[in-house]
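Peer 1: Sequence and predicted structure are below.
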Amino acid sequence: MVGDTAPVAAVPRQGAAPRPPVARHGTMSYAFVSVYVVLMIAFGIGPALYALYLALTDASGGFAGLDNFTRVTGDFRFWPAVTHVALYLVIWLVALVVLVTLLAVVVHTIRVRWLSRTLRFVFYLPGALAGASSVLLWLFVLDPTAGPAGGLLRLLGFESFIQVIVPGNLPVIFAVIAFWTGAGGWIVIMYGALNNISNEVIEAARMDGAGAAQIAWRIQLPMLRKWISYMGIMSLAAGTQLFVEPQLLSQASNAVVPNDYSLNQLGYQYAFQQNDFNGAAAISLLLLVVALALSAVFVTRGGLFERD
Amino acid sequence: MTSVTTGSPTRGPGLSGWSGRTIITVMVTVFVLFFAVPMLWLLLATTKTARDLIVGAPFTPGSADGLATNWNQLFAFQDGAVTTWIANSAGYAVGALVITLFASIPAGYALALTEFRFRRALLVLTLVIMLIPNTALVLPIFLELNAAGLIGSPLSVILPMSFFPFGVYLTYIYFSTSIPRDLLAAARIDGCREWQVFTRVALPLAAPIVALVAFFSFVQNWNNFFLPFVMLPSSEGYPVQVGLTSLLASTPAFNPSSAGSQSVQLPTLALATVVSVLPVLIVFLVSQRFLVAGMTAGGTKE
């Protein structure tokens, strides 16, 4: 970044001799960031530290070591929840990476402009239905008696909503819901990235006799790699947090889907059903560490955010 | 295009071959149906009667009468609870949005165009927290606010939503790419104090980024489910996303024990789903470009 070279250059020198103009702007800068920093401490760093404190103490406030962690990981519901989330993540991430890339490349080969634009719009519009709204919509879709997919579901042998949402189907169902809501945004991003590949490279490959499939595999795919890994890491981090989908499905199925299906739900159960805040803190801390690690790896290694 | 480099038959550019085209057409059609049909069906469902929905063909429209009936049933639910929820959603989303702007525009400016100790640290911290899914902090924030005795108050939703590192990051990108430092230096030489440099030089140029941050903040706040679900115990305080769970609980088709005077029919639930996303849907339609710009803001090196 052109505008940003100055501060970086200043960093190594700072210890030796701070430049006068720098010192002059300093005070006001703190005022500019103050509200944000207060919010960050109150709702970013503060809660994390408080959760850490709770996770390491018992209900009376005494130091508990790792007792809370051994207790929650020893809970008969903990490992099933981990398995559920992991299974869902595998299906979802594979679908996301394969299908989003494929669809972006395919839409990119369409030369009719209005068609390509309309397709991207259709793919991307479901993104407006987030959270509870999209789950609710899918409750309808998965209902063979009323929904739009009734014929298809009956063809697959499902006669009722309860048959559709048997536990074995859930990871696939959650993956489909997440894909329906989120894939379009990523397709649009990948499409944009494909537009950035210069035509000369593609032309040169064509001259050398490469077909469309080869161009996709040898040129477009490697150039998309950065975006694919961004999508993968973001989706992985978000996916571990699974909550609203199983929560609503549990409610809509009279608890055929258990209300402790995912880890976040289990944390919620600890806090609200068992009044065990220390256990809830331990679970959310485990989840937070996973998310934090993924994000930190990406910021430091990913290269996507390198600016100065 | 007949040259062959590998064993595979090579077709012309753009998959002009007959089978290539067929595969692409089939695949695109399948996915268009997958993405579009649920939404289309949902819109049609809002116009039907409960009986039509089960008995009739799935893709025939109902009637304006049906829509009116469903509308009346929805807004009569629990003496107009839906209206309260929508008002709550608007209050939370806009309240948090205003605080977000006050916090993040100056902060992004300072990070991009001024220098201070911890600048680099604050920037890295912002990036790391920005990439954490915001649901990861909900239970810890609940535990914290519970200790502070704030649970149930609108502030327990508005304040955590106001912390929006993504907004700071967007502002930082904007100021560091579109405002030359020389411009600020010139203002300083002219005798502007730091505060005046911000309000008189930077802020008037910041309209696009204010709109962008406001847009993202609004969409995210409106759609937030987990945070208000955890923070607000009473129905009067629900935003519409959480209110949907009440409607769902009163729908006999999904919860047989709920059949009664307050029961909600399926088409009414469909209408509720549409109503709950309407503001976001409208914003989405008018500002497609924004969204893409924001989602790709991460990639600054092409």
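Peer 2: Yep, that arrived. Numbering: from 1, shown residues only, chains lettered A, B, ... in the order given.

Peer 1: what stretches of the chain score poorly on pLDDT?
Peer 2: With no chain named, the answer covers chain A. Flagging of chain A using pLDDT under 70 yields the residue ranges A:1-25, A:302-308.

Peer 1: not quite, I wanted chain B
Peer 2: B:1-17, B:259-261, B:288-302.

Peer 1: does chain A sit close to the helix ranked longest in it?
Peer 2: Longest helix in chain B by number of residues (criterion: DSSP state H): helix B:81-113. Yes: under the criterion of Cβ under 8 Å from any Cβ of the partner chain, chain A is reached by helix B:81-113 at B:99, B:102-104, B:106-107, B:109-113. (Glycine included, C-beta is placed from N, CA and C.)

Peer 1: Identify, from those, the entry nearest to B:V157.
Peer 2: B:I99 (11.8 Å; Cβ to Cβ).

Peer 1: which residue sits closest to that closest one, ignoring its sequence neighbours?
Peer 2: B:S162 (3.8 Å; Cβ to Cβ, 6 or more residues apart in numbering or on different chains).

Peer 1: what's the answer for A:G182, then?
Peer 2: Per Cβ to Cβ, 6+ apart, closest to A:G182 is A:G127, 6.6 Å.

Peer 1: Which residues lie in contact with that neighbour in this structure?
Peer 2: A:181-182, A:184-185, B:284, B:291 (Cβ atoms under 8 Å, 6 or more residues apart in numbering or on different chains).

Peer 1: circling back: could you give the separation of the longest helix of chain B from the chain centroid?
Peer 2: Its chain's average C-alpha position is 13 Å from that of helix B:81-113, according to Cα atoms, centre = their mean, to the nearest Å.

Peer 1: does any part of the helix or strand that comes right after it sit near chain A?
Peer 2: Using DSSP states H and E, the helix or strand that follows helix B:81-113 in sequence is helix B:119-131. Yes: using Cβ under 8 Å from any Cβ, helix B:119-131 reaches chain A at B:119-120, B:122, B:124-131.

Peer 1: Could you list every helix and strand in contact with whichever helix or strand comes after helix B:119-131?
Peer 2: Later in the chain than helix B:119-131, the nearest helix or strand by DSSP H and E is helix B:138-147. With contacts taken as 3 or more Cβ pairs under 8 Å, 6 or more residues apart in numbering or on different chains; DSSP states H and E, helix B:138-147 sits against helix A:46-55, helix A:263-272, helix A:277-301, helix B:155-162, helix B:226-231.

Peer 1: Could you pull out the buried residues of helix B:138-147?
Peer 2: B:138-146 (16 or more other Cβ atoms under 10 Å in any protein chain shown).

Peer 1: picking up where we left off before, want to throw the residues of helix B:81-113 next to chain A into CSV with distance to A:P222 and neighbour count?
Peer 2: Output for the residues of helix B:81-113 next to chain A, formatted as CSV (distance: Cβ to Cβ, whole Å; neighbours: other Cβ atoms under 10 Å in any protein chain shown):
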residue, distance to A:P222, neighbour count
B:I99, 43, 18
B:F102, 44, 14
B:A103, 40, 23
B:S104, 36, 31
B:P106, 41, 25
B:A107, 37, 27
B:Y109, 37, 27
B:A110, 38, 29
B:L111, 33, 29
B:A112, 32, 27
B:L113, 36, 26
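
Peer 1: if we can go back for a sec, could you single out the nearest of the residues of helix B:119-131 next to chain A to A:V105?
Peer 2: B:L131 (26.3 Å).

Peer 1: Nearest residue to the closest one in space, please, no chain neighbours.
Peer 2: A:S295 (3.5 Å).

Peer 1: Could you pull up the contacting residues of the one you found?
Peer 2: A:S295 neighbours (Cβ under 8 Å, 6+ apart): A:233, A:237, B:127-132.

Peer 1: Could you rerun that using 7 Å?
Peer 2: When contacts are counted by Cβ atoms under 7 Å, 6 or more residues apart in numbering or on different chains, A:S295 is found next to A:237, B:128, B:131-132.

Peer 1: Let's see if you can find the most crowded of the residues you listed.
Peer 2: The residue in the contacts of A:S295 with the most neighbours, by other Cβ atoms under 10 Å in any protein chain shown, is B:L131 (27 neighbours).

Peer 1: Would you check that A:I110 makes contact with A:S116?
Peer 2: Yes: taking Cβ atoms under 7 Å as the definition, A:I110 is a contact partner of A:S116 at 4.5 Å.

Peer 1: name the helices or strands packed onto the biggest helix by length in chain A?
Peer 2: Of all segments of type helix in chain A, defined using DSSP H, the longest is helix A:78-109. Contacting helix A:78-109 under the criterion 3 or more Cβ pairs under 7 Å, 6 or more residues apart in numbering or on different chains; DSSP states H and E are the following elements: helix A:113-124, helix A:170-195, helix A:221-239, helix A:263-272, helix B:18-45.

Peer 1: Name the residues of it that are buried.
Peer 2: Neighbour-count burial for helix A:78-109 [16+ other Cβ under 10 Å]: A:78, A:81-82, A:84-85, A:87-89, A:91-93, A:95-97, A:99-101, A:103-109.

Peer 1: roughly how far apart are A:V135 and B:A45?
Peer 2: 16 Å (Cβ to Cβ, to the nearest Å).

Peer 1: Same question for B:Q262.
Peer 2: Counting by Cβ to Cβ, the gap from B:Q262 to B:A45 is 21 Å.

Peer 1: Would you mind telling me which of these two has the busier surroundings?
Peer 2: Neighbour totals were compared for B:Q262 and B:A45, and B:A45 leads with 28 against 12 (other Cβ under 10 Å).

Peer 1: OK, contacts around that one?
Peer 2: Here B:A45 is in contact with A:140, B:53, B:267, B:270 (Cβ under 7 Å, 6+ apart).

Peer 1: Just give me how far the longest helix of chain A sits from the chain centre.
Peer 2: So, by Cα atoms, centre = their mean, the centroid of helix A:78-109 is 11 Å from its chain's centroid.

Peer 1: cool, stretch A:196-212 as well?
Peer 2: On Cα atoms, centre = their mean, the centre of stretch A:196-212 falls 33 Å from the chain's centre.

Peer 1: Skipping adjacent residues, who's closest to the residue most central in space within chain B in space?
Peer 2: For chain B, B:V219 is the residue whose C-alpha lies nearest the centre (Cα atoms, centre = their mean; 3.0 Å). With Cβ to Cβ, 6+ apart as the measure, B:V280 is the residue that lies nearest to B:V219, at 5.5 Å, once sequence neighbours are left out.
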